[in-house]
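Colleague: okay, predicted coordinates and the sequence, questions at the end:
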Amino acid sequence: MDDRSAIDALLAAASPDRAPLPPAEERRRRREELHLSRAQLAAALGVSTSTVGGWEAGREPGGELREKYAYFLEGAAAKLNAAAVTAPAPNDVAPMDEPTDEGRAVVLDDVGELAAPQPCVLCGQPARQQVEGFPQHLDPVECAASAPASAPVVSTKPQPSEPRVQPARSQAVPSQRPGKAARTGWQGGRAAATKGVKVAPVGRRVKAASDIVDPITSAVAAVLEEHAGDVEAATTALVKRAIPDAMALLDHTRKGGRYDVVAHPWLPDILRKQSARGADQIWEARPKWTRGELPAGAHEVTALDINGAYLSALKTHLPLGQLEHSTGNIHDRKRAGLHLITPPVWEHDAVLPNPVGQRDEPGPLWVTEPTLRLLLRVSGPKYGLCDPPEIHESWTSGSTEGLLEKFRTTLRDSRDRAIAEGDEVTLEYVKAMYSKFVSTLGESNYNRELYRTDWMHLIRSQAFANLWAKAFKAYDEGLMVVRAMGTDELHLIGDWRAVFPEGRGVTEVKVKDVYTVGSDPQQPENAPGGAS
């Protein structure tokens, strides 16, 4: 290829179009008027709170983050416009006992009629309505997935007695931006100096957040009382009941959700075990990589433990309904599932693990959505580390990344609180809940409420993809990656504290081990302490 051909190829791969973003002040206004904190938005986008603050100060995001941020801002504008249209006049504010038109609009937003029937994401039969762009039967009677004999459904639609409540956008409660005190009314004077009461939308009437019973806290308290304060006995009892308690918590956090979930779908043969004790055909891309060679000399290696790997992996694109088959080298980002691909050649094994893990056999293999998305990302123009994978066929369904988000954040908050308070009983209980939840999603005798083997593979693979991303971040920051193992083990050489925060939080890492490899060239090889 001559110089001009190389330039032509570069220009062909380049994309001048970038997602448009409103001015910085408008970005902040939209978030605040939806009563969302920077921390909430940062968690949804997978970035830090300071990053969101930078965007709202005028800094421009790039790549996939820009697309996601633009999608949020566009959705926020649409939601605010819809609320402005449906908001009651100041003198027509309905009492709290009765849902207003705005309240009903909140329950029904993003639900619409389809111009022509399309297959329901839950049962595959023609549906005339859609929820957030996904065709779906709104009446369980019409949905084949609702039939108990074939596919029990975990209901996630708002119940009539529990409409979701949002503060009315009227003059009754003036909207205040953080840091600006109200000048008139009951919010002024002495009341402005006192701390407000945080409320939560529970049932028809809001309640003080402090009055809401935390199911995890109440369970721990009850078991401790049952065992007369015996910490060891209480912990053992709580771990034994972790699976049913996790399912009860999932049901609790799914109340008011937009989607129904098929709990026992028909599964394609690739998800069925090939023998009684064998495995199915899905490759989860578990990393088991060690760098082949280090520079001469002695090196101090730090083995880091990635906290809450499976807990973080609950935030992944999960298929809602029964998986449907398709063929062709096409990836639909609104769907998720399993894909038969030919992975690209990986030429960086000397310094970075392969995103598909260490695989001995060449040729096509079935991978999960997180693995495919990781390969598409690292093969894109931002990274350019390999060629794109070739997709041969897929089993997918309409998906959402936020399906388990309330479940995940409830467990995360309980975990953080337990660590801060030194509560090891709650900590072990929470760990057992999310780890056992993931491990029993398949055809397990311990969890008969939810048979989603596809989810189990996807969540595990997301944990592996997250570890690979941390390895690449370390490499990109100038550290030497020595080993990546499983979901939570990363060995590095260099000042890792400049890259990763240290601690026990989900977004932090802690030290597992520190050791030395190689020998000091100033010492004989057989000198004491020369190698380990």
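Modeller: Nice, thanks for sending it over.
Colleague: now do stretch 363-381, average pLDDT.
Modeller: If you average the pLDDT over stretch 363-381, you get 95.
Colleague: quick one: contacts for the residue positioned nearest the centre of the chain?
Modeller: By Cα atoms, centre = their mean, the chain has its centre lying nearest to Lys315, at 1.3 Å. When contacts are counted by Cβ atoms under 8 Å, 6 or more residues apart in numbering, Lys315 is found next to 46, 401-402, 404-405, 408, 462. (Each C-beta comes from the backbone N, C-alpha and C, glycine too.)
Colleague: what helix or strand is it on?
Modeller: When elements are assigned from DSSP states H and E, Lys315 belongs to no helix and no strand.
Colleague: now do it against Gly63, distance only.
Modeller: Going from Lys315 to Gly63 by Cβ to Cβ, to the nearest Å gives 19 Å.
Colleague: just Lys382 next, same as before
Modeller: From Lys382 to Gly63 the distance is 5 Å (Cβ to Cβ).
Colleague: list the contacts for Arg30?
Modeller: So Arg30 contacts 22, 73, 76-77, 80 (Cβ under 8 Å, 6+ apart).
Colleague: emit the ChimeraX select command for whichever of those are buried.
Modeller: Applying 16 or more other Cβ atoms under 10 Å to these, the buried members can be selected in ChimeraX as follows:
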select :73,76
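Colleague: quick check: domain ranges of the chain?
Modeller: Listed by automatic domain parsing, the domain ranges of the chain are 19-108, 110-150, 269-517.
Colleague: so what's the closest residue to Ile330 other than its chain neighbours scoring on pLDDT?
Modeller: With Cβ to Cβ, 6 or more residues apart in numbering as the criterion, Ile330 has its nearest non-adjacent residue at 6.7 Å, and that residue is Ile391. On the pLDDT scale, Ile391 is placed at 97.
Colleague: which element is Ile391 on?
Modeller: Applying DSSP H and E, one finds Ile391 within strand 390-400.
Colleague: okay, now the sheet partners of that strand, with direction.
Modeller: Under the criterion DSSP bridges, strand 390-400 sits next to strand 318-319 (antiparallel), strand 324-327 (antiparallel), strand 335-342 (antiparallel) in its sheet.
Colleague: which among these is found nearest to Lys288?
Modeller: Each of the strands paired with strand 390-400 was scored for nearness to Lys288 using Cβ to Cβ, and the closest is strand 335-342 (20.0 Å).
Colleague: outside of the closest one itself, list whatever touches it.
Modeller: With Cβ under 8 Å, 6+ apart, strand 335-342 has contacts from 268, 270-271, 282, 317-319, 323, 331, 363-369, 372, 375, 389-399, 454, 457-458.
Colleague: show the average pLDDT along stretch 214-230.
Modeller: According to the model, stretch 214-230 has a mean pLDDT of 92.
Colleague: output it as CSV, restricted to C-alpha atoms.
Modeller: Provided in CSV are the C-alpha atoms of stretch 214-230 (Å, rounded to 0.1, in the frame of the first residue of the first chain):
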residue,chain,number,x,y,z
ASP,A,214,-34.2,-1.7,54.8
PRO,A,215,-34.8,-5.5,54.2
ILE,A,216,-31.1,-6.3,54.6
THR,A,217,-30.8,-4.4,57.9
SER,A,218,-34.0,-5.9,59.3
ALA,A,219,-33.0,-9.4,58.2
VAL,A,220,-29.6,-9.1,60.0
ALA,A,221,-31.1,-7.7,63.1
ALA,A,222,-33.7,-10.5,63.3
VAL,A,223,-31.2,-13.3,62.9
LEU,A,224,-28.8,-11.7,65.4
GLU,A,225,-31.7,-11.6,67.9
GLU,A,226,-32.6,-15.2,67.1
HIS,A,227,-29.1,-16.3,67.9
ALA,A,228,-28.7,-14.1,71.0
GLY,A,229,-26.0,-12.0,69.4
ASP,A,230,-23.8,-14.9,68.4
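Colleague: from the chain's centroid, how far away is that stretch?
Modeller: Relative to its chain's centre, stretch 214-230 lies at 29 Å (Cα atoms, centre = their mean, to the nearest Å).
Colleague: tell me which residues of that stretch come out buried.
Modeller: Burial within stretch 214-230, assessed by neighbour count using 16+ other Cβ under 10 Å, is assigned to 216, 219-220, 223-224, 227.
Colleague: ok, so of the residues you listed, who is nearest Arg483?
Modeller: Arg483 lies nearest to Ile216 out of the buried residues of stretch 214-230, by Cβ to Cβ, at 34.6 Å.
Colleague: quickly find the element holding that closest one.
Modeller: For Ile216, the host element (DSSP H and E) is helix 215-226.
Colleague: for that helix, packing partners?
Modeller: In terms of contacts (3 or more Cβ pairs under 8 Å, 6 or more residues apart in numbering; DSSP states H and E), helix 215-226 is packed against helix 231-240, helix 242-253, helix 405-421, helix 424-439.
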